[in-house]
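# Provided below are the primary sequence and the corresponding predicted coordinates.
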Amino acid sequence: MAKFQSLREAVAENLRAGDTVAFEGFTHLIPHAAAHEAIRQGIGDLTLIRMTPDIVYDQLVGMGLAKKVVFSYAGNPGVGLLRRMRDAIENGWPRAIETVEHSHAAMANAYEAGAAGLPCAVFRGYRGAGLKEVNPDIRSIVCPFTGEELAAVPSHRPDVTFIHAQKASRRGDVLVEGIVGVQKEAVLAAKRAVVTVEEIVDDFEDLHPNLCVLPHWTVTAVAHVPGGAHPSYAHGYYGRDNAAYLEWDRISADRGLFTRWMKENVLDVGPEAFAARVRGL
C-alpha cells in the first residue's frame, strides 16, 4: 500500500547504502528530484541500474555514490559524453566504478524477467556481437524445444526503484502517460518502489490509450514533487530543457566547476527548486 511522504522521508526510508537501485525513465519522466535527494542524503556504495544513464547518473557517479553501473547506453542525450562517468572509469575520480554493459534488448528483458520473478531473461540477441566477450553475465542457453541457441542474462531485481509520473490518486495508484520505457517493469521487479508525481488527484480522468497505471499495492511511497523530472520533460506538464543538457556538457567537463554546481544546485537546495526551474522555462 502506497504511503504518501515527503521526498526526504521516502528516500531516507527506502534507499540504503549498498543498495541496488534503478532511477528509470526513457528520455521522459526521468526522476531527477529523487536522485538529487539521494545525493543530498549522501547515500552511497550504490549499484546503479538504468537502460540509458544520462546526466542524473553522471551526477551520482561524480559525487562518488556509485560503485557499479549496469547499463546499455551512457551519454548526455543529443550532446555527447557523460564526462563524470568517464572520469570515474578512466581515472578513478572521485572513485573507481565497475561497469556492466548490455544491449537495450537485454536490459528490457532483464527488467521484465525481474518483474515476473524469474532468475534470468532468455531472448534472441548478441549473435555476432563482441559484447559477450567482455561481459561474463551474458551466457548462452539452448531451447529445450527447438534446439535454438539463445542469449541469457541475469534478471534485474533492484532493492528499490525510483520513477517520476504525472499523477497519483489519493489511494496511491499511479498514472504514467506519454513515452513509457521500462518504468512499469522496473517498479514490479523491485523490492521497494518510490514514485514522485506532478500532482495528486482524487481519480484519473480523460485517460489516454497510451498510458500505464501502477496500482497502489505495487508502490511503496508517493511524493508530490512538481517539476521533479526537470530537465527531462513530463508529457502534458512541461517540455524538455534542452539548454540544461547543453550546459551540462560544459559543467561536467571540469571537476571544480562540477563540484561547485552540485553544491549550489543540489546540496544547498530542496526539491521545491524543481518547480521553480520549470516555471522559469
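In hand now; what should we look at? Fair warning: this is a prediction, and the values are worked out from it, not measured in the lab. Numbering: from 1, shown residues only.
# Excluding covalently adjacent residues, which one is nearest to G178?
Counting by CB to CB, 6 or more residues apart in numbering, H235 is the residue found nearest to G178 once chain neighbours are left out, at 2.9 Å. (C-beta placed from N, C-alpha, C; glycine too.)
# State the pLDDT value of that neighbour.
pLDDT, the model's per-residue confidence, is 95 for H235.
# which residues sit in contact with it?
Contacts of H235 were listed using CB atoms under 8 Å, 6 or more residues apart in numbering, and they are H28, L29, Q166, E177, G178, I179.
# which among those residues end up buried?
Among the contacts of H235, those that count as buried by neighbour count (16 or more other CB atoms under 10 Å) are H28, L29, Q166, E177, G178.
# Could you dump those into CSV with pLDDT and secondary structure added?
Conversion of the buried ones among the contacts of H235 to CSV gives the following (pLDDT from 0 to 100; DSSP: H, G, I helix; E, B strand; the rest coil):
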residue, pLDDT, secondary structure
H28, 92, strand
L29, 97, coil
Q166, 95, strand
E177, 89, strand
G178, 89, coil
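# The residues you listed: which two are farthest apart?
Distances among those were taken as CB to CB; the most separated pair is H28 and Q166, at 10.4 Å.
# what is in contact with these two at once?
Contact criterion CB under 8 Å, 6+ apart; residues shared by H28 and Q166: G178, A234, H235.
# Pick the one among the residues you listed closest to I89.
Compare each of the shared contacts of H28 and Q166 with I89 using CB to CB and the shortest gap goes to A234, at 31.0 Å.
# Who does the closest one form a beta bridge with?
Beta-bridge partners recorded for A234 (DSSP bridges): Y238.
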